[in-house]
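> need the 3D shape of this:
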Amino acid sequence: MTRLAVVAALAVLAVPALAHAQSGAAAEPPRSTGDTYSEAGALALSAGATAAGIGLYAVGIDRVNSPMMTAGAVVTFVGPSAGHLYTGEVFTRGLGVRTAGAAVAAVGFAVALEECPLFSDEPCDEVNVGTALLAVGALAYLTGTVDDIITAPRRAARLNARARRSVAIAPSVAPDRAGVAVVGTF
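As a prediction, this is how the structure comes out:
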């Protein structure tokens, strides 16, 4: 089990480096119109970090309150937004949906425990409000995760297209005239 934990930790550390190596682009946001974001790099960061978080969680699930399980839960929550973070966007629609989904699931869990206590001998309804809220929260969490992974490369492409559009005003001097030229890229 220790070997698996080491491999999972190395995978978490290797995902950003792998995405950087495959993208051929700078890991920081571009500062001029000549720099671009890698669409494949944004996708690799979002999908890779999510997969690494799931792997860490799976490794740590053997023991309750394991640091690996906690790290996996945190990486699974933030990981899908990694491609957006690469392009300079901190708060994403997917992160908001995941946050709302986690809140609804937490309320559902509390309601489910109230409706059907864990260590009670009383029979419980199979489908209750708490269970429904848990399901809705889990579905919202999954939807936010997929949204962030899918939209990361599109955000990189949109920023690259915006960087290619530019307008410049430059002096123009010729032997018989002088003036100002407006040059643009669209």
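> and residue 145, what helix or strand is that in?
Secondary structure assignment for residue 145, by DSSP states H and E: helix 129-164.
> packing partners of that helix?
Secondary-structure packing of helix 129-164 (3 or more CB pairs under 8 Å, 6 or more residues apart in numbering; DSSP states H and E): helix 39-60, helix 82-86, helix 93-115. All C-beta atoms are positioned from the backbone trio N, CA, C, and that covers glycine.
> got CSV for those, with mean pLDDT, distance to residue 67 and mean neighbour count too?
As requested, the helices and strands packed on helix 129-164 are exported to CSV (pLDDT from 0 to 100; distance: least, CB to CB, whole Å; neighbours: other CB atoms under 10 Å):
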stretch, mean pLDDT, distance to residue 67, mean neighbour count
helix 39-60, 92, 7, 22
helix 82-86, 93, 21, 26
helix 93-115, 92, 20, 17
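> kindly reformat the ones you listed as JSON lines containing distance to residue 141.
Formatted as JSON lines, those follow (distance: least, CB to CB, whole Å):
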{"stretch": "helix 39-60", "distance to residue 141": "12"}
{"stretch": "helix 82-86", "distance to residue 141": "17"}
{"stretch": "helix 93-115", "distance to residue 141": "4"}
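> still on that earlier bit, which other helices and strands does whichever helix or strand comes after the helix holding residue 145 contact?
Where DSSP H and E defines the elements, the next helix or strand beyond helix 129-164 is strand 166-174. In terms of contact count using 3+ CB pairs under 8 Å, 6+ apart, strand 166-174 is assigned the packing partners strand 177-185.
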